[in-house]
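> below are the sequence and a predicted model; questions follow.
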Amino acid sequence: NAGVTQTPKFQVLKTGQSMTLQCAQDMNHEYMSWYRQDPGMGLRLIHYSVGAGITDQGEVPNGYNVSRSTTEDFPLRLLSAAPSQTSVYFCASVASGQSNTEAFFGQGTRLTVV
Amino acid sequence: GENVEQHPSTLSVQEGDSAVIKCTYSDSASNYFPWYKQELGKRPQLIIDIRSNVGEKKDQRIAVTLNKTAKHFSLHITETQPEDSAVYFCAASIGAGGTSYGKLTFGQGTILTVHP
């Protein structure tokens, strides 16, 4: 199993551009989430999904959009990039069973908006 | 919503010493408390976790304690080694049948440096 795979690893955008961060998992996990990591602030939840076709907002959703058409994929879209969205983005997946709540993270995407 | 506070933000120890990182949480419904280690440029990786029906859990040199009444939990690393140097994050969640759907609320992180 590859686990959680994110692409790209690095990206530079100009202000106003749009892009999609890809996330895929091969563990058949129901729950998937996107976090952003900024210095001194830990990881903050952007959006999450409890299954295909179901998404909801997290703590910092503004400027981001998500969809979940399959169990495996959970892309994050930046609609109009702003310098404040410069960050490291992590996708995570969690099994929905009662006995296993460990979150598995992708390798991250380092995004710079200039 | 849940709020998790983590202290200290930086911790410097000599090799062989112990290190303790403390976290407090606000939501009494939280029942799952993982600790993640993140090396520079890498993804967070789970090192130990504890559920609210347990007060302490150990795994070799790492232990976690939980005080539900006070709503705080701590990570203890004994006999520290230079390879323990990393950023450590605590987190809280309502797991195991709760309603958080795998969502985690993280602390701000602790940069641990172990000097040889």
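In hand now; what should we look at?
> so which residues of chain B form strands?
B:4-7, B:10-14, B:19-25, B:32-38, B:45-51, B:56-59, B:62-67, B:72-77, B:86-92, B:105-106, B:110-115 (DSSP state E).
> for chain A, find the nearest of the ones you listed.
Chain A sits nearest to strand B:105-106 of all these, at 3.8 Å, using Cβ to the nearest Cβ. All C-beta atoms are positioned from the backbone trio N, CA, C, and that covers glycine.
> run a quick neighbour tally on residue 75.
If you meant another chain, say so; for now it's chain A. 16 (other Cβ atoms under 10 Å in any protein chain shown).
> wait, chain B was what I had in mind.
Count around B:Leu75 with other Cβ under 10 Å applied: 25.
> confidence score at the residue lying closest to it once chain neighbours are set aside?
Once flanking residues are discounted, B:Leu75 sits nearest to B:Ile21: 4.6 Å by Cβ to Cβ, 6 or more residues apart in numbering or on different chains. Per-residue confidence (pLDDT) for B:Ile21: 98.
> thought B:Lys71 was touching B:Tyr25, still the case?
Yes. Shown here, B:Tyr25 and B:Lys71 form a contact pair, counting by Cβ atoms under 8 Å, at 5.2 Å.
> circling back to that earlier point, count of neighbours near the residue nearest to B:Leu75?
With other Cβ under 10 Å as criterion, B:Ile21 counts 23.
> with A:Gly63 instead?
A:Gly63: 14 neighbours (other Cβ under 10 Å).
> for A:Arg36, find the nearest of the strands of chain B.
With distances scored as Cβ to Cβ, the stretch of those nearest to A:Arg36 is strand B:105-106 (11.0 Å).
> can you pull the contacts of the residue in chain B positioned nearest to chain A?
Across chain B, the shortest distance to chain A (Cβ to the nearest Cβ) belongs to B:Gly102, at 3.0 Å. By Cβ atoms under 8 Å, 6 or more residues apart in numbering or on different chains, the residues touching B:Gly102 are A:29, A:31-33, A:48, A:92-94, A:96, A:101, A:103, B:93, B:95.
> tell me which parts of chain B are close to chain A?
B:1, B:4, B:6, B:9, B:32, B:34, B:42-46, B:49, B:89, B:93, B:95-97, B:101-109 (Cβ under 8 Å from any Cβ of the partner chain).
> look at B:Tyr25 and B:Lys71 and report which has more neighbours.
Shown here are B:Tyr25 and B:Lys71; by other Cβ under 10 Å, B:Tyr25 has more neighbours (23 against 16).
> for that one, which non-adjacent residue is closest in space?
B:Ala92 (4.5 Å).
> the closest residue to A:Ser33 other than its chain neighbours bridge partners, please.
The shortest distance from A:Ser33 to any non-neighbouring residue, by Cβ to Cβ, 6+ apart, is to A:Tyr48 (4.2 Å). A:Tyr48 has these beta-bridge partners by DSSP bridges: A:Ser33, A:Asp56.
> about what we covered before: got a winner among the contacts of B:Gly102 for most neighbours?
Result: A:Met32 is most packed of these (other Cβ under 10 Å), 30 neighbours.
> understood, closing this out.
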